[in-house]
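Undergrad: Curious how this folds, go ahead:
(chains A, B, C and D)
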Protein chains: 2
Amino acid sequence: MSLISSSITSSKSGGTHRLKGQSSRTNILLTAAKLATTKGLAGLSIGDLASEVGMSKSGLYAHFKSKEELELATIEMAVIIFDREVLQPAMSAHAGTKRLHVLVDSFLSHLERKVFPGGCFFSAVAAELDTRPGPARDRVVEVLGNWLALLRQCMIEAQGLGQIDPNTDIAQAVFEIEAMLLAANFLFVMMDNPIHLTQGRRGVENLLVRLAVAPA
Amino acid sequence: MSLISSSITSSKSGGTHRLKGQSSRTNILLTAAKLATTKGLAGLSIGDLASEVGMSKSGLYAHFKSKEELELATIEMAVIIFDREVLQPAMSAHAGTKRLHVLVDSFLSHLERKVFPGGCFFSAVAAELDTRPGPARDRVVEVLGNWLALLRQCMIEAQGLGQIDPNTDIAQAVFEIEAMLLAANFLFVMMDNPIHLTQGRRGVENLLVRLAVAPA
DNA sequence: AATAAATACGAACGATCGTACTCTTCTTGC
DNA sequence: GCAAGAAGAGTACGATCGTTCGTATTTATT
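TA: Numbers count the residues shown, from 1 in each chain, chains lettered A, B, ... in the order given. Purely as a prediction, here's the structure:
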């Protein structure tokens, strides 16, 4: 299962005569996604973004119909990056707690490697979108829902494999795992101290130990 | 111990001839603190704030030397509110896990009662301040540090009272408690579902059960 | 080589941002 | 009652916001 559900990746027109345009657009959105984690989606101005990628304001803006479309496209780019950096490493072979550990590790790793300078993209933009209705918020909520569903899937697999107690409250466990990752991101970015990444990892480990099948 | 360390609460001039001014300023900052949790500190414009409190832009602005001073004063107002709503209820009598439970309950309660419409004030503004250096960020980091120190204090007391294992890794425990509260706030605001407040509470309970003194 | 489309630029727009100034209104102390 | 000072309104400034338009330059098809 992938978090990607829209069609931004499809080239749409079969023609080969749009190379500069596509790479330019990709370059814009790549920069936008990174910048949005520090300035926010609303705080990211087109002028700033243009000078950052070395283009004129109008030249950049020609790629999008409006600021809102730019924001939506930026979110989709972030989804692609997140998919590549965090989800894909966990998609091969593994299942259950094994897959969960890979997910947690790759998530914490993408924080440490500062794939986004402001930490987790979705956590960063969620803070400003949480009370601002619209398609941008809807999409972020959807992505978050898919992410939580993936965590739940891992826990259900773990139950099937006998890795955790069959009486486990899955929803509660997913909440606590997500809590560790959110806190790791939040404190790591705020305090600028990688120890909180380690604490996040240990938090998940502690949880899995607690949920391990208790001897009857 | 209080999170308040600045001198905003002192009336400074003993004179009684500034009543309208003080209450007006307080009213401005009260509105600003609430509005900042939805629009953000940077996104909160003076024009919006003025029309929200029913004043002219210049009339409001006369109370502050600059936008930055308004932001700092808004943070101090949020500190006062947080102190009253969350800290004070836990300051009387209790100690150890008892005090911790009161802290957790009053924090979750202030979320549910929507004291701030955008959830926890500091979590909301931290997201935009995390990569924006300056006195505002410094102050929020300081408040967050005081908060974490208070949680640690509770755990140390709990150890002294024999409520938790003396070999407990306090720093890790504080991280996990903070994680539950952060996640409760984040998911409650994002998903608009109070079940996440309950999950946060249960998360802390689960943690304390795990840390309870194990029979030697 | 010629045409058409895609891409980017420069200039300018109305609106809004933070900020500064002056002027009126009201309260307070002598 | 009068002067002093605080509180707020009104207006206007330069800068920047998102956005539009016309034009030049590049690229791909014929």
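
Undergrad: for residue A:133, helix, strand, or coil?
TA: coil (DSSP: H, G, I helix; E, B strand; the rest coil).

Undergrad: Dump stretch A:91-100 to CSV, restricted to CA.
TA: The C-alpha trace of stretch A:91-100 is given here as CSV (Å, rounded to 0.1, in the frame of the first residue of the first chain):
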residue,chain,number,x,y,z
MET,A,91,7.9,-2.7,1.7
SER,A,92,10.1,-5.6,0.8
ALA,A,93,9.7,-9.0,2.5
HIS,A,94,9.2,-8.0,6.1
ALA,A,95,6.0,-8.2,8.1
GLY,A,96,4.8,-7.6,11.6
THR,A,97,7.1,-6.2,14.1
LYS,A,98,10.0,-6.6,11.6
ARG,A,99,8.3,-4.2,9.2
LEU,A,100,7.4,-1.9,12.1
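
Undergrad: The residue nearest the centre of chain A sits in which helix or strand?
TA: Among the residues of chain A, the one closest to the centroid is residue A:82, at 4.5 Å (CA atoms, centre = their mean). Using DSSP states H and E, residue A:82 maps to helix A:67-82.

Undergrad: how about that helix, does it reach chain B?
TA: No - Helix A:67-82 is not in contact with chain B by CB under 8 Å from any CB of the partner chain; minimum separation 13.9 Å. From N, CA and C alone the C-beta is placed, and that goes for glycine too.

Undergrad: which helices and strands sit right next to that helix?
TA: Other elements packing on helix A:67-82 under the criterion 3 or more CB pairs under 8 Å, 6 or more residues apart in numbering or on different chains; DSSP states H and E are helix A:20-39, helix A:121-129, helix A:135-160.

Undergrad: Kindly reformat the ones you listed as JSON lines containing mean pLDDT.
TA: Listed next are those as JSON lines, based on pLDDT from 0 to 100:
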{"stretch": "helix A:20-39", "mean pLDDT": "91"}
{"stretch": "helix A:121-129", "mean pLDDT": "96"}
{"stretch": "helix A:135-160", "mean pLDDT": "98"}
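
Undergrad: so of those, which one's packed in deepest?
TA: Ranked by mean neighbour count, these are led by helix A:121-129 with a mean of 24 (mean count of other CB atoms under 10 Å in any protein chain shown).

Undergrad: now that helix and helix A:67-82, what's the angle there?
TA: In terms of direction (axes from the mean of the first three to the mean of the last three CA atoms, to 10 degrees), helix A:121-129 departs from helix A:67-82 by 150 degrees.

Undergrad: Is any residue of helix A:121-129 near DNA strand D?
TA: No - Helix A:121-129 lies out of reach of DNA strand D by CB under 7 Å from any atom of the strand, never closer than 13.5 Å.

Undergrad: List the contacts of that helix.
TA: A:33, A:36-38, A:40-43, A:75, A:78, A:81-82, A:116, A:118, A:136-137, A:140, A:143-144, A:147, A:182, A:185-186, B:40, B:43, B:123-124, B:126-128, B:186, B:190 (CB atoms under 8 Å, 6 or more residues apart in numbering or on different chains).

Undergrad: Could you tell me the end-to-end distance of stretch A:185-197?
TA: With CA to CA, to the nearest Å as the measure, stretch A:185-197 spans 7 Å from end to end.

Undergrad: Next, the buried residues of it.
TA: Applying a neighbour-count criterion of 16 or more other CB atoms under 10 Å in any protein chain shown, one finds A:185-190, A:196-197 buried in stretch A:185-197.

Undergrad: Show me what the least confident helix or strand in chain A by mean pLDDT is packed up against.
TA: Least confident helix or strand of chain A, by mean pLDDT, DSSP states H and E, is helix A:20-39 with a mean of 91. Here helix A:20-39 touches helix A:46-53, helix A:67-82, helix A:121-129, going by 3+ CB pairs under 8 Å, 6+ apart.

Undergrad: Could you dump the helices and strands packed on helix A:67-82 into JSON lines with distance to residue A:177 added?
TA: Output for the helices and strands packed on helix A:67-82, formatted as JSON lines (distance: least, CB to CB, whole Å):
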{"stretch": "helix A:20-39", "distance to residue A:177": "22"}
{"stretch": "helix A:121-129", "distance to residue A:177": "15"}
{"stretch": "helix A:135-160", "distance to residue A:177": "6"}
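
Undergrad: Any idea which of those helices gets closest to residue A:206?
TA: helix A:135-160 (15.4 Å; CB to CB).

Undergrad: How far away from the center of its chain is whichever helix or strand comes after the closest one?
TA: Note on helix A:135-160: by DSSP H and E, the next helix or strand toward the C-terminus is helix A:170-191. From the chain centre to the centre of helix A:170-191 is a distance of 13 Å (CA atoms, centre = their mean, to the nearest Å).

Undergrad: which helices and strands sit right next to helix A:170-191?
TA: helix A:97-112, helix A:121-129, helix A:135-160, helix A:195-211, helix B:121-129, helix B:135-160, helix B:170-191, helix B:195-211.

Undergrad: could I get the ones you listed as CSV with distance to DNA strand C?
TA: CSV is the format used below for the helices and strands packed on helix A:170-191 (distance: least, CB to the nearest atom of the strand, whole Å):
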stretch, distance to DNA strand C
helix A:97-112, 29
helix A:121-129, 15
helix A:135-160, 19
helix A:195-211, 32
helix B:121-129, 14
helix B:135-160, 13
helix B:170-191, 23
helix B:195-211, 32
